[in-house]
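Got a predicted model here, sequence first, then my questions.
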Amino acid sequence: MQKIDYRKELNCAQLKAVESIDGPHLVIAGAGSGKTRVLVHRVAYLVEKGINPEQILLLTFTRRSAEEMLRRASLLLDERCRKVSGGTFHSFANMILRKYAAILGISNNFTILDQADAEDAVNLVRMQLGFHKSEKRFPRKHAILEVISKSVNKSEDIEDVLYDEYPQFIEFTDQVKQIRDEYRKYKLQKSLLDYDDLLVFLKDLLSKHENVRLSLSVKYKYIMVDEYQDTNKLQAHIACLLAAGHANIMVVGDDAQSIYSFRGANFKNIMDFPKIFKGTKIITLEENYRSTQPILNLTNAVIAQAKEKFEKHLYTKKKEGNVPVFIDCPDEHSQSAFVADKILELREEGVPLNEMAVLFRSGWHSNDLEVELSSRNIPFVKYGGQKFVEAAHIKDILSYLRIAHNNKDQVSWLRALLLIPGIGPKTASKIIETVTRQGYAKDDLWLMKKEGLIRLLELLRGVDCNSQGPLQVIERFLDYYQPLLKIKYDDFNKRLNDLDSLLRIAQRYKSVEHFLTDMALEPPERSTVEAGKNDKDDAPLTLSTIHSAKGLEWHSVFLIYVAEGHLPSYLSLESEDDVEEERRLLYVASTRAKVNLFFLKPHIDRSPRSFMDGAGSVFTQVSRFLGQGGLLEKFVDVQSAGGLECLDDIEIRDIIGQNRQGDKYSFETVEDYFRDE
């Protein structure tokens with residue numbers, strides 16, 4: 001049987017984390033410090049020590065990352081590692097709930113609503129309650145669902161979320177609560193669960209049914225959670241409940257990379273973990289394997305100014321390297337031109353386009369740059385945009401699969417029926433009422449003389465989701481759908497490539513249920529599907545929001561609009577917590593760079609915000625995160641697009657911090673901590 005030389009494979013801190021088995025552990029993994037390597041080796045180490053792989057649970061934020069970790073662990077040790085349970089919180093919840101659904105009073109054949117479908121369901125409830133006829137401007141479906149979702153994920157009252165996010169709608173608090181309550185009833189009646197329901201029902205299952213929790217605690221005796229800084233309160237509660245019986249839980253993450261509060265992630269989860277589990281051992285990974293020391297000197301200095309943090313000092317064996325560069329450009333177009341010029345220069349020096357990235361705080365920041373890149377024939381792919389499955393024609397096809405899988409899915413029925421010529425909302429409502437109650441064989445449906453409806457019903461009768469795979473089912477519906485595609489969309493030819501991509505994705509699956517679950521829980525982005533299509537000579541340059549770039553790395557990174565009001569965003573300036581998250585955004589962006597790091601800002605700002613403020617063109621100031629404490633003078637080569645002389649280099653002091661230990665107090669039970677204050 002294979003033996004792994006862990007001392008040879010890992011540095012001292014990594015080895016300590018891997019060999020820590022029993023009890024609670026918090027691993028603070030600095031950027032580029034080999035976090036994934038630790039998780040992979042720890043899976044192998046636990047299995048090698050004789051622990052049953054099926055008793056190990058690895059929770060990650062994408063299914064792909066869990067699969068990749070277990071694949072690597074299997075290559076490292078043997079195939080036993082593939083028996084480890086790995087997946088996302090949502091996929092884990094889906095698996096557990098389908099097994100224990102009856103205990104919670106729900107059907108185990110539930111359909112998972114994606115974001116757009118959930119919005120449509122909320123809108124249906126909103127209209128049924130008559131709020132669309134309000135004399136005053138009433139919040140629309142997207143805003144209502146966002147408020148409901150944040151209330152769930154942040155464990156906050158609807159009124160508090162409205163006050164923080166949509167103060168203009170605070171007078172409609174009672175109505176939004178009524179929509180929330182009716183939305184819950186609607187989903188239960190129709191066997192529908194949205195993303196939040198998966199977590200809510202799993203948390204309820206664990207907290208209210210002790211026998212189930214104890215059973216799962218025995219089944220999953222060793223728990224690991226990746227990217228713990230990105231968990232919301234519900235996810236942290238679930239992880240801690242699962243481990244409450246044995247406390248054999250290791251959470252891995254970096255407080256300095258907590259940047260997703262907008263979707264409910266709670267910075268306090270990682271900071272307070274030692275309070276929940278008494279005797280938590282904290283292990284800090286500080287050796288960086290990605291960036292050069294000059295880049296790390298800057299990133300260390302940026303995060304050292306954070307108000308609340310676990311102390312760490314990133315270092316590397318790559319002592320030499322280019323100092324980060326700050327360029328003050330005359331205006332936005334000059335910023336774009338500089339980036340394009342430098343990209344072409346680096347390409348000539350042998351750096352491939354796909355080893356370079358331009359990062360930004362907000363999606364619109366790259367608008368001018370995209371035009372400039374296109375004019376120079378520089379291929380690029382942009383991340384942070386629309387999801388592939390949110391495209392209307394993809395949702396059309398998925399609606400057929402969903403009603404074939406779950407006859408009670410009214411949202412999908414409505415979408416499918418409204419595609420048929422001659423069927424409007426009123427007729428569709430009658431059809432939905434009949435098919436969800438009595439199935440497809442009702443005589444009056446076949447007498448409606450709607451050719452499109454009759455053909456759809458015939459197709460549905462011939463589909464068996466238990467014996468047919470998603471590829472086979474989609475191919476049946478595509479023949480039916482293509483004439484409708486041509487009627488509905490003027491640019492139908494451009495949409496055919498997306499349908500081909502959907503077929504290629506479906507080909508990977510054997511089960512319609514698994515396919516629909518993944519399409520809902522982890523939808524591929526359009527940019528991911530289309531990447532690399534435009535240019536056969538060069539793989540494309542990456543344009544990305546900072547949020548979408550987390551976890552990735554490039555040889556050369558350009559960060560644009562590093563200016564006050566942009567990074568930090570002016571929307572964050574009223575909250576100290578929000579400003580601190582903006583600081584972490586700059587840290588995340590900077591630590592993506594391996595060799596070259598460029599910061600840019602336009603000296604004159606003609607952004608949309610300037611016009612909204614009625615200010616026209618305004619002079620910008622460098623981001624406070626680079627301006628505070630003389631960071632530009634100490635760690636950065638300051639230039640201008642016009643070629644000003646660089647500032648003199650100043651010797652850099654080491655920033656050495658002691659590892660923060662857990663607070664002396666802790667809570668008696670998990671519920672003590674998560675109980676509402």
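Sure thing, it's come through. Keep in mind the model is a prediction, meaning the values are calculated, not measured.

how about the strands in the stretch 51-200 of the chain?
56-60, 85-88, 111-112, 192-193 (DSSP state E, counting those that start in this stretch).

now the ones you listed as TSV including mean pLDDT and distance to Pro568?
The way it works is simple: take the backbone N, C-alpha and C, and place the C-beta from them, glycine included. Formatted as TSV, the strands of the stretch 51-200 of the chain follow (pLDDT from 0 to 100; distance: least, Cβ to Cβ, whole Å):
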stretch	mean pLDDT	distance to Pro568
strand 56-60	95	29
strand 85-88	91	30
strand 111-112	91	36
strand 192-193	93	37
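
Now render those strands as a markdown table, adding mean neighbour count and distance to His365.
Putting the strands of the stretch 51-200 of the chain into a markdown table (neighbours: other Cβ atoms under 10 Å; distance: least, Cβ to Cβ, whole Å) gives the following:
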| stretch | mean neighbour count | distance to His365 |
| --- | --- | --- |
| strand 56-60 | 24 | 29 |
| strand 85-88 | 22 | 30 |
| strand 111-112 | 24 | 33 |
| strand 192-193 | 25 | 36 |
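
Which one of the ones you listed lies nearest to His393?
In terms of Cβ to Cβ, the element of the strands of the stretch 51-200 of the chain nearest to His393 is strand 111-112, at 20.1 Å.

where do the strands sit along the stretch 401-550 of the chain?
541-545.

for it, which spans come out with low pLDDT?
Applying pLDDT under 70 to the stretch 401-550 of the chain flags residues 440-449, 490-491, 494, 522-537.

The closest residue to His142 other than its chain neighbours and Phe515: what is the separation?
Setting aside the residues directly before and after it, His142 is nearest to Glu119 in space (Cβ to Cβ, 6 or more residues apart in numbering), at 5.6 Å. To Phe515, Glu119 is 22 Å away according to Cβ to Cβ, to the nearest Å.

Which among the strands of the stretch 51-200 of the chain is found nearest to Lys35?
strand 56-60 (11.1 Å).

What segments of the stretch 1-150 of the chain are helices?
With DSSP state H, counting those that start in this stretch as the definition, the stretch 1-150 of the chain shows helices at residue ranges 6-9, 12-19, 35-48, 63-76, 89-104, 115-128, 141-153.

Please work out which of those helices is packed deepest.
Most buried of the helices of the stretch 1-150 of the chain by mean neighbour count (mean count of other Cβ atoms under 10 Å) is helix 35-48; its value is a mean of 24.

packing partners for that one?
helix 6-9, helix 12-19, strand 25-29, strand 56-60, helix 63-76, strand 222-225, strand 249-253 (3 or more Cβ pairs under 8 Å, 6 or more residues apart in numbering; DSSP states H and E).

before we move on, the earlier item: in CSV: the strands of the stretch 51-200 of the chain, plus distance to Ile28.
Shown next, in CSV, are the strands of the stretch 51-200 of the chain (distance: least, Cβ to Cβ, whole Å):
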stretch, distance to Ile28
strand 56-60, 18
strand 85-88, 22
strand 111-112, 34
strand 192-193, 34
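
closest one to Val252 among those strands?
strand 56-60 (9.9 Å).

re the thing from before, can I get the helices and strands packed on helix 35-48 in CSV including distance to Ser151?
Shown next, in CSV, are the helices and strands packed on helix 35-48 (distance: least, Cβ to Cβ, whole Å):
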stretch, distance to Ser151
helix 6-9, 45
helix 12-19, 36
strand 25-29, 28
strand 56-60, 23
helix 63-76, 27
strand 222-225, 24
strand 249-253, 25
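
how about the ones you listed, which one is nearest Asn493?
helix 63-76 (31.2 Å).

And the closest one, how far out from the chain middle?
19 Å (Cα atoms, centre = their mean, to the nearest Å).

cool, stretch 205-217 as well?
28 Å.

mind listing what's buried in it?
Leu205, Leu206, Ser207, Val212, Arg213, Leu216, Ser217 (16 or more other Cβ atoms under 10 Å).

re the thing from before, identify whichever of the strands of the stretch 51-200 of the chain lies nearest to Lys177.
That would be strand 192-193 among those, by Cβ to Cβ, at 19.9 Å.

Run through who's touching that closest one.
97, 106, 110-113, 121, 186-187, 201, 406, 408-409, 411 (Cβ atoms under 8 Å, 6 or more residues apart in numbering).

ok, back up a step: ok, the residue nearest to His142 - contacts?
By Cβ under 8 Å, 6+ apart, the neighbours of Glu119 are Lys141, His142, Leu145.

Give me the distance between the second one and Leu586.
In this structure, His142 and Leu586 are 29 Å apart, going by Cβ to Cβ.

can you point me to the longest strand in the chain?
In the chain, with assignment by DSSP state E, the single longest strand is strand 593-602.

now the host helix or strand of Val212, how far from the chain's geometric center?
Counting by DSSP states H and E, the element that carries Val212 is helix 210-219. With Cα atoms, centre = their mean as the basis, helix 210-219 stands 29 Å off its chain's centre.

can you redo the buried residues of stretch 205-217 as TSV with pLDDT?
Shown next, in TSV, are the buried residues of stretch 205-217 (pLDDT from 0 to 100):
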residue	pLDDT
Leu205	96
Leu206	95
Ser207	93
Val212	94
Arg213	94
Leu216	94
Ser217	92
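
hmm, which helix or strand of the protein has the shakiest average pLDDT?
helix 608-612 (a mean of 38; mean pLDDT, DSSP states H and E).

Packing partners of the helix or strand just after it?
Note on helix 608-612: by DSSP H and E, the next helix or strand toward the C-terminus is strand 618-619. Judged by 3+ Cβ pairs under 8 Å, 6+ apart, strand 618-619 is in contact with strand 604-605.
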